[in-house]
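Engineer: coords please:
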Amino acid sequence: MTTIALLPAPADIGLPEKFDQWRKGQAEAVLRVMDTDKRFIVLGMPTGFGKSLAYMAAGVLGDPTVFLTSTKGLQSQLVEDFSESGLVDIRGMGNYPCREANDGIFTVRDKPVLASCDEGPCLAGWKCPYAEDGCHYFDSRRLAATSPLTVTNYSYWMSINGGERKDDRAAFPLGQRGRLVLDEAHAAVDELGGYLAIEVGYWEIEGVLGRGWPSTSVMEEWRTWAGTLAQECVRKVEQLSSEIRMGVANNRKGLSRFRELKDLGRRLFAIAGMKGEWVNEESRDRRGRRVVRFDPVWPGSYSETALFLNIPKVVLTSATIRPKTLDLLGVKPNEYEFIEYPSSFPVSNRTVVWVPTVRVRYDMDPGHTRQWVAKIDAIIRNRLDRKGVIHTVSYSRRDYIFKYSEFANRMLSHDAGGLQDCVRRFRESGPGTLLVSPSAGTGFDFPGDDCRYQIIGKVPFPDSRSKVLQARQERDKDFFAYVAAQSIVQMAGRGVRSVDDWCETFIIDDNWQWFINKYKGFMPRWFTAACRKSTMVPEPAKLARAIPLTRRQSL
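Structural biologist: Residues are numbered from 1 along each chain as shown. Below you'll find the model as predicted:
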């Protein structure tokens with residue numbers, strides 16, 4: 001009560017009128033952000049806390065702030081909720097139509113073709129009449145640079161502040177802020193690693209440049225090779241840019257080739273400049289083409305230069321963030337303050353029940369596999385009046401379920417690339433339908449009757465075939481456990497999205513017993529408080545539950 005009294009109501013400090021009061025803990029969180037003497041403050045805020053309102057209030061009351069989100073969808077949601085408080089949105093050039101290109105420069109069979117700003121001729125030196133006023137992208141950049149409250153996504157933030165266009169960064173200094181807020185900060189390590197990762201295709205080196213590959217595993221030789229080819233790209237880019245400025249190649253094909261060469265050169269320069277420990281392995285890109293991929297073993301060594309940018313105050317917030325997350329980001333314990341808030345959701349609405357079954361392993365014999373599927377069926381059998389989600393962790397486990405389950409005809413699944421459509425069909429389906437997926441543990445919410453129970457079929461340790469993950473586990477024996485713990489907490493949270501929502505979660509991998517005892521510290525306390533063991537499959541929770549409702553805000 002004292003904390004709330006010290007801080008006026010949200011609407012009274014410049015936040016939208018719909019936020020007329022603070023939820024429990026929100027006002028305290030705002031004041032902690034404002035008053036901390038540490039550079040980094042970490043806020044573990046469970047689902048339902050209203051973290052967006054808390055960190056947005058700190059931005060309204062304090063220094064100019066940039067807010068980072070994991071997805072463009074979350075970015076759009078923040079703009080929808082807080083634009084009247086002055087929040088401005090900025091994202092990559094591909095999200096804005098290019099006026100100059102769409103005025104007729106690009107044509108196919110004499111018909112204009114819609115182009116985005118990342119296809120604009122100005123990138124190749126063509127003088128655009130809209131550059132100073134009227135360009136959808138650069139006008140948005142100017143507005144974002146001058147706004148005290150700006151939201152963008154991790155990918156754009158790191159690209160624009162770490163890219164080659166130094167003149168652009170000077171004109172639109174997004175990084176010159178007093179505070180940086182990392183929403184969904186548990187994902188920051190992966191976001192940073194994804195930004196730093198470099199892929200170079202065989203077709204690019206052999207086809208575009210007509211060169212070969214080094215036959216070596218020595219990283220220094222790869223750096224030398226990449227530096228030589230990067231200079232060759234520079235020469236080709238300069239020649240093509242000259243042709244575009246003179247109008248010789250000022251068409252979609254010429255500009256497309258310009259962008260491809262420039263991007264290839266950027267990636268080759270990045271390989272040549274790699275510092276610290278990196279690994280490389282042959283892989284496939286999203287189109288199935290052969291590539292060589294380079295990954296830093298520890299992305300956190302680049303956190304300051306790519307993510308934090310010497311900004312004086314950094315707020316990291318997430319429902320699942322742990323001290324281990326800060327360690328992986330290279331932030332030392334004496335540099336941050338860590339605050340964990342309790343969940344406002346009743347434990348009875350979000351139970352996580354381990355039902356002893358079998359230890360799930362990659363080499364399980366057929367008898368144990370059938371026993372595992374039989375336990376899944378036992379959970380489903382008395383819950384045919386409601387929808388559920390089965391998290392299989394791998395496609396092979398998914399296939400076992402479809403092969404042996406007596407309820408396979410009620411199940412929806414997907415192959416790689418088909419998850420979005422499968423989730424849509426699941427949402428539209430009736431009671432008794434099951435979504436069976438190895439990849440629905442993050443990024444999707446299933447509130448209310450969309451999901452009343454979940455089954456986690458296996459403790460989700462990472463795929464150990466990845467060379468970079470192998471390197472991390474070799475150097476940090478707890479790394480795989482940390483990733484698995486984060487994944488389980490995320491999975492369990494898919495089905496409970498508000499204080500009056502409820503969902504049962506079942507774990508049927510006996511590895512859970514030793515895992516939770518040893519790695520409880522990698523999971524928030526509000527989650528472990530909901531975990532219990534049941535030797536028998538519990539009776540299903542009743543669909544018509546009498547759960548007391550509380551007055552809730554929009555966020």
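
Engineer: how many neighbours does the nearest residue to R39 once chain neighbours are set aside have?
Structural biologist: Closest residue in space to R39, ignoring its immediate chain neighbours: E335 at 5.8 Å, by Cβ to Cβ, 6 or more residues apart in numbering. Where C-beta positions appear, they are placed from N, C-alpha and C, glycine not excepted. Taking other Cβ atoms under 10 Å as the neighbour definition, E335 ends up with a count of 12.

Engineer: In three-state terms, label K275 for me.
Structural biologist: Three-state secondary structure (criterion: DSSP: H, G, I helix; E, B strand; the rest coil) places K275 in coil.

Engineer: now the strands for the stretch 51-200 of the chain?
Structural biologist: Taking DSSP state E, counting those that start in this stretch to define them, one finds strands in the stretch 51-200 of the chain at 65-69, 88-89, 107-108, 111-112, 149-153, 179-182, 198-201.

Engineer: Tell me which of those lies nearest to I321.
Structural biologist: Across the strands of the stretch 51-200 of the chain, the minimum distance to I321, taken as Cβ to Cβ, is reached by strand 179-182, at 9.2 Å.

Engineer: Now tell me what touches the closest one from outside.
Structural biologist: By Cβ atoms under 8 Å, 6 or more residues apart in numbering, the residues outside strand 179-182 that reach it are 55, 58-59, 62-68, 154, 188, 307-309, 311-317.

Engineer: mind redoing it with 7 Å?
Structural biologist: Strand 179-182 has contacts (Cβ atoms under 7 Å, 6 or more residues apart in numbering) with 55, 59, 62-63, 65-68, 188, 308, 311, 313-317.

Engineer: Starting from that strand, tell me which strands it pairs with and how they run.
Structural biologist: Strand 179-182 pairs in its sheet with strand 65-69 (parallel), strand 313-318 (parallel), by DSSP bridges.

Engineer: Make TSV out of the ones you listed and add mean pLDDT and distance to F506.
Structural biologist: Formatted as TSV, the entries for these read as follows, by pLDDT from 0 to 100; distance: least, Cβ to Cβ, whole Å:
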stretch	mean pLDDT	distance to F506
strand 65-69	96	31
strand 313-318	97	25
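
Engineer: Throw these into a markdown table and include mean neighbour count and distance to D478, thanks.
Structural biologist: Compiled in a markdown table, the strands paired with strand 179-182 are given as follows (neighbours: other Cβ atoms under 10 Å; distance: least, Cβ to Cβ, whole Å):
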| stretch | mean neighbour count | distance to D478 |
| --- | --- | --- |
| strand 65-69 | 25 | 27 |
| strand 313-318 | 24 | 19 |
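
Engineer: which residues make contact with stretch 121-129 from outside it?
Structural biologist: Stretch 121-129 has contacts (Cβ under 7 Å, 6+ apart) with 100-101, 105, 120, 131, 135, 241, 244-245, 250, 255, 258-259.

Engineer: Any idea how far apart the tips of it sit?
Structural biologist: 11 Å (Cα to Cα, to the nearest Å).

Engineer: next one: that stretch to chain centre, how far?
Structural biologist: 33 Å (Cα atoms, centre = their mean, to the nearest Å).

Engineer: do the same with stretch 140-147
Structural biologist: The chain centroid and the centroid of stretch 140-147 are separated by 24 Å under Cα atoms, centre = their mean.
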